[in-house]
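K.L.:
Build the 3D model from these lines:
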Amino acid sequence: MCIFMTLGRLNRRRGASFDVMTAVTSAAFDLSQRIGEWAHAFTPSQTRMQRIRTSVRDFIGCVVAGTRRAELQPALRLAQGGSVSVWGLTDSFDPAGAALVTGTAGALLQLQDVYRPGGSHPSSPVIAAAWSALQVSAGVPAEVFLHAVAAGYEAANRIADACMPAQLLAGSSPTGTAGCIGAAVAAAKIRGLDRHGIARAVANAAFLLPATPFASMRAHGALAPLHGGLAARAGYEAASLARDASAGRRLLEGDSGGPGLIALLGGRVSLLEPELWHGETIDAVCWKFFPACFASHTAIEALLSLGHIDSTQVERVVVRRPAGLLDATVAAGPRQGGLYDRLMSIRWSLARALELGHYEYPEAIADEPSTLALARKIELIHDPELDAQSPGSVAATIEVHVSRGVRRIEYRRPAGSDPEIHRGWTAKLDEAALNRKFEQLIGRESMAPATFAQLNIL
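P.N.:
All right, here's what the predicted structure looks like:
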């Protein structure tokens with residue numbers, strides 16, 4: 001009796017929404033089972049449902065635009081024919097292959113949403129796997145689809161959080177790992193699995209997920225954009241297998257015999273308390289407007305804030321930035337000249353913004369020899385003084401040396417604020433700006449008629 005009363009007081013103090021009996025019995029479950037219990041009962045608030053609806057629409061636009069790129073070919077080669085469609089394509093694929101193609105296409109332009117605290121992109125694995133699961137599950141309402149995506153986002157974000165920054169420092173991307181588990185949660189809910197089935201899907205995802213070496217991203221490898229799609233495929237397959245089999249118990253947290261997945265990723269199991277998850281991480285998801293790695297966005301905002309500069313008169317550009325986990329990734333290149341190589345290079349992105357006077361799709365991604373030549377004039381410097389910025393804020397100092405002098409800006413963007421112009425990303429639900437982005441991405445004039453039907457899922 002005293003145990004029940006103590007747990008009851010603890011739950012009220014923490015603001016938990018589950019009952020005392022659930023708290024008592026959850027101790028007997030492994031972490032996969034606890035996530036399954038949570039995900040089965042999870043109902044996001046209407047405000048968070050709207051944010052998820054916005055992320056789905058935003059991702060659809062990214063997928064449609066990505067399907068027009070030749071860089072999608074590696075994913076297409078891995079997918080088999082079938083009955084599951086991909087937004088923007090007339091061909092259809094087997095469900096796992098469609099998840100792979102969808103997740104890859106949505107990441108090609110570096111415009112998919114981002115969860116900053118976890119350093120991950122939940123949309124590519126979670127929405128792609130959910131879309132495949134929806135098409136093989138009869139009669140699933142749009143509301144159930146959105147609930148499943150919301151649960152997938154929350155699970156992926158929480159696991160990415162628990163493993164930051166150790167996972168990135170160890171050389172692995174949370175989009176592929178945490179994203180795969182979120183994808184399994186979403187697909188399992190759409191397939192109608194109960195809490196035990198979702199738990200099996202989570203354990204299966206821990207077994208099947210791609211390790212996603214970050215070295216490929218630093219090298220700007222041509223296959224690097226596949227990692228979100230590979231996570232989507234593995235997440236879908238994890239949910240499909242969960243009806244009949246499980247990879248085992250305690251795969252996430254380990255047991256007395258050895259560590260589990262979270263330890264392998266450098267994370268802390270103690271940070272994962274599914275009973276206390278209410279969708280808060282969904283509030284921190286940001287939508288991007290610059291087709292570039294998120295680590296380049298602050299410098300692009302700073303440069304554009306200088307106003308018009310004649311790029312033909314530029315002699316040298318000096319960019320001072322705080323230290324960042326992705327510095328080695330964006331500072332490298334461009335080397336090969338491919339789309340991923342360009343968009344992952346801060347030098348190339350800044351040079352393109354200088355030339356255009358803006359940095360918007362589709363002009364921003366065009367491959368021009370003049371951009372590469374200008375990129376060679378950009379110097380990146382770590383400024384230790386900028387490391388002391390307030391948590392969540394971003395900063396950069398840029399000097400543009402032209403034939404007649406120097407243009408300089410000390411750019412500071414406090415946490416939670418949005419610039420009035422030249423905004424690279426936002427956590428605020430700006431429907432007007434996101435609608436403009438969506439229209440730019442889908443390019444209605446060139447869109448196949450069949451794609452219009454695919455868009456009507458919400």
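K.L.:
what about the strands in the stretch 251-400 of the chain?
P.N.:
285-288, 314-321, 378-382, 394-402 (DSSP state E, counting those that start in this stretch).
K.L.:
Make a markdown table from those and add distance to residue 213 and mean pLDDT to it.
P.N.:
C-beta coordinates here come from the backbone N, C-alpha and C atoms, glycine included. A markdown table is the format used below for the strands of the stretch 251-400 of the chain (distance: least, C-beta to C-beta, whole Å; pLDDT from 0 to 100):
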| stretch | distance to residue 213 | mean pLDDT |
| --- | --- | --- |
| strand 285-288 | 24 | 98 |
| strand 314-321 | 25 | 95 |
| strand 378-382 | 24 | 94 |
| strand 394-402 | 27 | 95 |
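K.L.:
and these as JSON lines, adding distance to residue 93 and mean neighbour count?
P.N.:
Below are these laid out as JSON lines (distance: least, C-beta to C-beta, whole Å; neighbours: other C-beta atoms under 10 Å):
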{"stretch": "strand 285-288", "distance to residue 93": "27", "mean neighbour count": "21"}
{"stretch": "strand 314-321", "distance to residue 93": "41", "mean neighbour count": "19"}
{"stretch": "strand 378-382", "distance to residue 93": "41", "mean neighbour count": "15"}
{"stretch": "strand 394-402", "distance to residue 93": "39", "mean neighbour count": "20"}
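K.L.:
Among the ones you listed, which comes closest to residue 194?
P.N.:
Residue 194 lies closest to strand 285-288 among those, at 27.7 Å (C-beta to C-beta).
K.L.:
list the helices and strands the closest one packs on?
P.N.:
Under the contact definition 3 or more C-beta pairs under 8 Å, 6 or more residues apart in numbering; DSSP states H and E, strand 285-288 sits against helix 46-66, strand 114-115, strand 425-426.
K.L.:
how far out from the middle of the chain is the first one?
P.N.:
So that's helix 46-66. 12 Å (C-alpha atoms, centre = their mean, to the nearest Å).
K.L.:
Identify each buried residue in the very next helix or strand once past that helix, please.
P.N.:
As assigned by DSSP states H and E, the chain's next helix or strand after helix 46-66 is helix 73-78. For helix 73-78, burial by neighbour count (16 or more other C-beta atoms under 10 Å) applies to 75-76, 78.
K.L.:
Just the pLDDT for residue 132.
P.N.:
On pLDDT, residue 132 comes in at 98.
K.L.:
try residue 391
P.N.:
The predicted local confidence for residue 391 is 74.
K.L.:
so who does it touch?
P.N.:
residue 415 (C-beta atoms under 8 Å, 6 or more residues apart in numbering).
K.L.:
Are we agreed that residue 84 is in a strand?
P.N.:
Yes. According to DSSP: H, G, I helix; E, B strand; the rest coil, residue 84 belongs to a strand.
K.L.:
How about it: what's its closest non-neighbour residue?
P.N.:
Nearest residue to residue 84, sequence neighbours excluded (C-beta to C-beta, 6 or more residues apart in numbering): residue 98, at 3.8 Å.
K.L.:
Just give me the neighbour total for residue 257.
P.N.:
6 (other C-beta atoms under 10 Å).
K.L.:
Kindly reformat the buried residues of helix 73-78 as TSV containing pLDDT and distance to residue 252.
P.N.:
Below are these laid out as TSV (pLDDT from 0 to 100; distance: C-beta to C-beta, whole Å):
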residue	pLDDT	distance to residue 252
75	98	28
76	98	33
78	97	27
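K.L.:
Columns distance to residue 170 on top of these, output as CSV?
P.N.:
Compiled in CSV, the buried residues of helix 73-78 are given as follows (distance: C-beta to C-beta, whole Å):
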residue, distance to residue 170
75, 26
76, 31
78, 27
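K.L.:
of all those residues, which comes closest to residue 390?
P.N.:
Comparing the buried residues of helix 73-78 against residue 390 with C-beta to C-beta places residue 75 closest, at 40.1 Å.
K.L.:
got the contact list for the closest one?
P.N.:
Contacts of residue 75 (C-beta under 8 Å, 6+ apart): 100-101, 104-105, 226, 229.
K.L.:
Perfect, that will be all.
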